[in-house]
Each structure stands twice: as structure tokens, then as C-alpha cells.
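K.L.:
Let's see this in three dimensions:
(chains A, B, C and D)
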2 protein chains.
Amino acid sequence: MPATIRDVAHKAGVGLATVSRVINNSPLVSETTRQRVQAAIAELHYSPNPTARRLSLGKTLTIGAIVPFFTRPSFVERLRGVEGTLADTAYDLIVFNVETVERRDRYFAEVPRRDRVDGLIVVSFTPTDEQAAVFRQSGIPVVLVDARHPALPSVMEDCLHGGQLATQHLLNLGHRRIGYLSDVFDDPFNFTSRSRFRYEGYVAALEAAGAPVRADYLKQGAHGREPARALATELLTLPERPTAIFAASDTQALGVLEAAREVGLRVPEDLSVVGYDDIELAEYLGLTTVRQLLYESGQRGVEILLEAIALDVAAPSYEALPTELIVRRTTAPPPTA
Amino acid sequence: MPATIRDVAHKAGVGLATVSRVINNSPLVSETTRQRVQAAIAELHYSPNPTARRLSLGKTLTIGAIVPFFTRPSFVERLRGVEGTLADTAYDLIVFNVETVERRDRYFAEVPRRDRVDGLIVVSFTPTDEQAAVFRQSGIPVVLVDARHPALPSVMEDCLHGGQLATQHLLNLGHRRIGYLSDVFDDPFNFTSRSRFRYEGYVAALEAAGAPVRADYLKQGAHGREPARALATELLTLPERPTAIFAASDTQALGVLEAAREVGLRVPEDLSVVGYDDIELAEYLGLTTVRQLLYESGQRGVEILLEAIALDVAAPSYEALPTELIVRRTTAPPPTA
DNA sequence: CTGTTAGCGCCTTCAA
DNA sequence: TTGAAGGCGCTAACAG
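P.N.:
Numbers count the residues shown, from 1 in each chain, chains lettered A, B, ... in the order given. This next block holds a predicted model:
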């Protein structure tokens, strides 16, 4: 049985309210009584009961995070940013891991409640308009990280910028024939189609450099290494094959690497390859790639959330996070024809 | 402002207690009033305020997990087991990520409190005797996962078994000259020296098979791929080199693979290699390795914790989890001499 | 079976 | 500056 505020008040010979004031750093306490109270607090190892505090304040002092968090290392890294930022505040973090749609629907229905959390971070999931409406009606601020919705505050990497970075790097090396390989673009009305925006960055860079944007250099298929290998083989056996390939994910870049090996092309001498994501394997294999600010995305999400809580408004917004090019050993100038 | 129990009582024309009884499935309610109350609940979209519930019950309905959770994928997997198991209970999960000693000490001091959590899971950290004493005095059950302490309930992989598995596999393939490579054993009084117990399993398997345990086949050094590469080179340039090497971690196995390449040995034709951990790279490279039941360790930890909470006792215990051998492409019969 | 009442521990007016 | 008292929403005796 931990000591209560009453015990402290008793021991210090003051009223409950005074102890409360001391705990909350109210200036309305004389120095002498403050010290007396603090002595009593120390003696009793007192610390206020969080639950009672929450009930009395009408706040949960808790932030929820709904995350598909074990499916990919990148999600974990974002969550790390959330936790790390929250650790220095008075808020607890409750984690809701989503791996199935049932789980997701359940959490979406049960978690966004005033009496459950003071705010909610949703990572890597683009809500439908209905789901967004539910979030808004919950009365608590909800911030999207690595996703975007017009009705909600969102933090997301700048895919267009990432695509530009990668392409510009190849352009700078002297490449003009650059292929793009990705999974099929999502619905054009989906604001979070990453590969689509990466492609737009690719196109923008090419056009700015006056390089041709060739339809036969765009290959799309299912996600994964194997499909990417097949697509890359098509690219590499073209009459006029590209001298560089930008893959929309590292996984797909691995497929490109395999295809190059099979076709007998050396990387980077004969073919340059750029990936996207900077997964663990990328470093091991020396893959040039684009890295997102994962930790920072979680951090910014929390910052925006805490601000929304403090101001009691959660205006829709969109914040783009910059990306970073990691140059390793799979890119070089094109073969001198 | 969500509806309160009072609103429901009012609308249903009953007393507060009756609503409470309905919420908590008490049999002491007539079917008719129960239905009336439930109708009111539905109409008002009522759901009980968790904070008030906690205060009244004197329980937090919350479990804490202290995890070094972003430093390695395996920790995340264990945490996943914790979350998944808790998801089907009434408990919330608060996550405390530890990446620095300051953070650890702070969490160890602040988190184990009755009014904060009902129970605590500590992952992959072996407490000192003092820390264990603090846990015990906190009055809440604390369960160790992937660690062990004589004063606390613990769940940990059976390292000895893992070492045996790996060695037996090599023995079965016909190897007799098997090297062991690991980081330096921890203090012998540390119950969680994994590489030490893996070595003991290795020795046990060799002895059971009547194979020699040679001192020159045991190499230890700093953790990491590079040191392992150096150690493996020593092993492979021995006058009578081993035909197989068991590395205490996949990372170190990667170093062995590199060393083999440098020395001009083919894997698995000339040299078999077994790792430990089954990291992501292991699958990519086809490394034969030992996999632990990571998810299950978190799950068991929670089960033990919930039981301790229910029974209000947390007797020290130790539960060993089995390990699994994953045979891939780095092991084969030894070269026929 | 059901309603009334007294807390759970803390914060916050309102008086003094 | 300080203390007393009411209330946050719910549960659990205790009477009826």
C-alpha cells in the first residue's frame, strides 16, 4: 500500500490541498511549508497515484499508437521515434499492433475514445474517408504517420523528392538511359501511393535534365524479389537496354541485381542500380539506395499530436519529410559506349 | 462528453448499481431489467470509463514491458508475443524502450509500482540482485523473458539444447572435426551467458558421440562479423582444420563464411557452417542455423505473469524454451578424405 | 433482485 | 497562504 496524499498531509501537518499544490509546483505555497511537505513526501516515498490523477483531471495522460509494427523493420523504427519522443513527457504510450484486418477494425473502433487515450498516432495506414470521419468524431486528435488523408494531420516522406534524388544521382553520373521498376501504382486517388510519387520524381528529374522518358523503360509488376527479377530481365534484354535502373524498393532492387548477374552484366560497371528504403540487406550488399527519416517521422507525429492536444484543435495538415540518398557500391558512371 | 453510468441508469430508470451489474455480467439482475439497461447502453453508445474503473477496482489493468526493443529484431519478435497475448485480455500494454543505461535505471525505478502497472515483463535484461530485490519489493509480479534470475520467474531459451542441436546435426552428417566460435563467455556466475551454454551443448553432443573436444577448435573474441572472420581464419589455417564450424551467432557465422571464401574453401562442399539466431540475412544467404521461439517466449512470459497476478504470488521459476534447427545450404557431409 | 451510499486518490473551487 | 469540501465515474458492501 503506497502512501497517499492524505498520509503526506497528515505527516506534514497541512491540508490535502497544500500537498497537491506542492506536487504541482503551485506558487501559492510558502517556502517553509513547501519544505515541510517535501520532507514528508521524501520520508514516505510518496508519489501521486496516476489513476486518481487521471480521473480527477479528466485526462488519460496516455497516447495510443496503432502500428503494423512487426511486419517491417521500418515501422518499428517509426515507433521508436514515437516512444523516444514521448518518453520525455508525462504521457504513457500504449501500443496496438495490427497484423490482421480484424485487429485493425477492432482497434479503430475501440481505441479512439476520450476516456481511453488523449491522442492517437496511426502509423503506415491510410484510413478510408469513413475511418477518418470516425477519428474526427472521436474528439481526440489523431495524427497519421507515413500516410496521408485530407481530413487529418499527416506526416509522410516526400516520395517525389526521393525519386528525384535517386534519378538525379544517376543523371549526375552521366546516365541518360534510366529504367524505373516498381509495383503497380495504386489507385490514383490514393494519396499514399508511394511508388507513383517516386515515379513522378523520376520523371521530373529526367525532364529537368532533358533526358528522355521512355515508356519501355517503365516496368511494373507484383511486389517481391522474384517478380522484380523477371521485369528487370525484360529491361536488360531490350535492344537498347538502360544503363541504370531505379527500383522503387530495395527488395525489388535485389531482383534487379539477380537479373543482372544472370544476363551477365556487372554492377556497377555495366549497370547501375538504385533501391529505396535502405533495408538491412542493402548495407550488407552495398546497395545505393534512398533512406527515409523513419525515426523522425514518429517524432514529428508526436510533436504535432502533443501540440494538437495542447491547443485542442487538430486541423488537417500535411508535412513532407525529406529523404536521403545513400551512395554505396552499385552505382557508377555508365560504360563508355 | 461520453455518456456515464449515471446517464444510463437515468435513461433505463434504474439505479447505478444495476447498470454496473449489467456491465460486469452479474447474475443478480432480472432478464427484463437487463434488457432495458442494455437498450439504454446501446442508445447512448455507453462504455465504461476505464480510468474510473481502475481507480475503483484498485487495479491499473495495465501491463508494462521494459524492452531494449529496437536494438535487435529478435527483441521485437518477443515483444510481439507479449502484445499478441495481451490483446485478448483486458490489459493494456505500456511499452518502455530501453536504449541507454540512464533510461533503464529510470524505468527500473519508476515503472514497478502498484499504482502504475499490475505486472511487468522485462525482456532480455538480467537484473542484478539489487534490481531483483527492488522488483520483489514493488509488490507486483515481474517476469523475465530471455533472461534469468534466481529470485524471479524467468522464461528463457534452452541454449544447451540449441548447442546440442547444431552439433548433432553436423555429427549426423558425418563430421568429427567441429570447431566452435563465439564471443567471450560472460562471468560464469551470470546465469544468462548464452554462448557458454551453447558451448556446453556442443561439448555434450560431441562427448555423447565419442568425438574429440579439442581446445584448439574453440575460438573466442569480440562480437561482430569482422572479429569472427579473423578467428575463423585461424581455425581454417590450422594444420588439421575443422570440417565444420558452429558459430554462436549468425553474425559471427557471416564472418566464418567470409573467411572460408578468402581461404578458398567452398561451403558446404569443403566446410559446413552453422549459425545461431536465424536473422533475416540467414535466410537470404541460405545459412543453416538455430532458431529460438521468440514469439513464444513473450507469450509464455505473459501467461506466467497473468497467472501470478491472478494468484497474487510470483514464485521464482525457470522455464526453458526449446529451439529449432533450420537446415539450409551451408551444411553437408564432410569432404571424403 | 434492486437502490442507496460510501469510498478509490487526487484536483480545484470557495472561504477563511 | 491555507484548509475544507465537492466531484471525477465506477464498484462494492449494505439495506431493503
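K.L.:
What sits closest to whatever residue of the stretch 101-250 of chain A ends up closest to chain B if chain neighbours are left out?
P.N.:
Closest to chain B within the stretch 101-250 of chain A is residue A:115: 4.4 Å, counting by Cβ to the nearest Cβ. Glycine gets a C-beta too; all of them are placed from N, C-alpha and C. The shortest distance from residue A:115 to any non-neighbouring residue, by Cβ to Cβ, 6 or more residues apart in numbering or on different chains, is to residue B:49 (4.4 Å).
K.L.:
gap between residue A:167 and residue A:304?
P.N.:
30 Å (Cβ to Cβ, to the nearest Å).
K.L.:
who has more neighbours, these two?
P.N.:
Just comparing residue A:167 and residue A:304: by other Cβ atoms under 10 Å in any protein chain shown the higher neighbour count belongs to residue A:167, 27 against 22.
K.L.:
Quickly note the distance from the residue nearest to residue A:115 to residue B:3.
P.N.:
Noted for residue B:49: a distance of 10 Å to residue B:3, by Cβ to Cβ.
K.L.:
and what of residue A:26?
P.N.:
Taking Cβ to Cβ, one finds residue A:26 at 33 Å from residue B:3.
K.L.:
Enumerate every residue touching residue A:164.
P.N.:
By Cβ atoms under 8 Å, 6 or more residues apart in numbering or on different chains, residue A:164 lies in contact with A:201-202, A:204-205.
K.L.:
I'd assumed residue B:50 was in contact with residue A:116.
P.N.:
Yes: between residue A:116 and residue B:50 there is a contact at 6.1 Å, judged by Cβ atoms under 8 Å.
K.L.:
Get me the contact residues on chain A for DNA strand C.
P.N.:
Selection of chain A residues close to DNA strand C by Cβ under 7 Å from any atom of the strand yields A:1, A:4-6, A:16-17, A:20-21, A:23-24, A:48-49, A:52-53, A:55-57.
K.L.:
you'd agree the residue of the stretch 101-250 of chain A closest to chain B is up against residue B:46?
P.N.:
No: using Cβ under 8 Å as the test, residue A:115 is too far from residue B:46 to be in contact (11.0 Å).
K.L.:
and for these two, which residues touch both?
P.N.:
Residues touching both residue A:115 and residue B:46 (Cβ under 8 Å, 6+ apart): residue B:2.
K.L.:
sec struct for the nearest residue to residue A:65 once chain neighbours are set aside, please.
P.N.:
Nearest non-adjacent residue to residue A:65, counting by Cβ to Cβ, 6+ apart: residue A:121, 4.5 Å away. Three-state call for residue A:121 (DSSP: H, G, I helix; E, B strand; the rest coil): strand.
K.L.:
Run through the strands of chain A in chain order.
P.N.:
Counting by DSSP state E, chain A has strands at residues A:62-67, A:92-97, A:119-123, A:142-145, A:153-157, A:178-183, A:218-221, A:244-247, A:272-274, A:289-292, A:317-321, A:323-326.
K.L.:
by contact count, what packs against the second one?
P.N.:
Put plainly, it is strand A:92-97. Contacts defined by 3 or more Cβ pairs under 8 Å, 6 or more residues apart in numbering or on different chains; DSSP states H and E place strand A:92-97 against strand A:62-67, helix A:73-86, helix B:73-86, strand B:92-97.
K.L.:
Any idea which of these gets closest to residue A:296?
P.N.:
helix A:73-86 (6.2 Å; Cβ to Cβ).
K.L.:
tell me the angle the closest one makes with strand A:62-67.
P.N.:
For helix A:73-86 against strand A:62-67, the angle by axes from the mean of the first three to the mean of the last three Cα atoms, to 10 degrees is 170 degrees.
K.L.:
Can you list the buried residues in helix A:73-86?
P.N.:
For helix A:73-86, a neighbour-count test (16 or more other Cβ atoms under 10 Å in any protein chain shown) marks A:73-86 as buried.
K.L.:
average pLDDT across stretch A:62-72?
P.N.:
Per-residue pLDDT over stretch A:62-72 has a mean of 86.
K.L.:
Residue B:275 versus residue A:281, what's the distance?
P.N.:
According to Cβ to Cβ, residue A:281 and residue B:275 sit 16 Å apart.
K.L.:
How about residue A:279?
P.N.:
20 Å.
K.L.:
which one of these two has more residues nearby?
P.N.:
Shown here are residue A:279 and residue B:275; by other Cβ under 10 Å, residue B:275 has more neighbours (29 against 22).
K.L.:
so the more buried one makes contact with residue B:253?
P.N.:
Yes: Residue B:275 lies in contact with residue B:253 (Cβ under 8 Å); the separation is 3.2 Å.
K.L.:
how far out from the middle of the chain is stretch A:236-256?
P.N.:
27 Å (Cα atoms, centre = their mean, to the nearest Å).
K.L.:
Cool, thanks, talk later.
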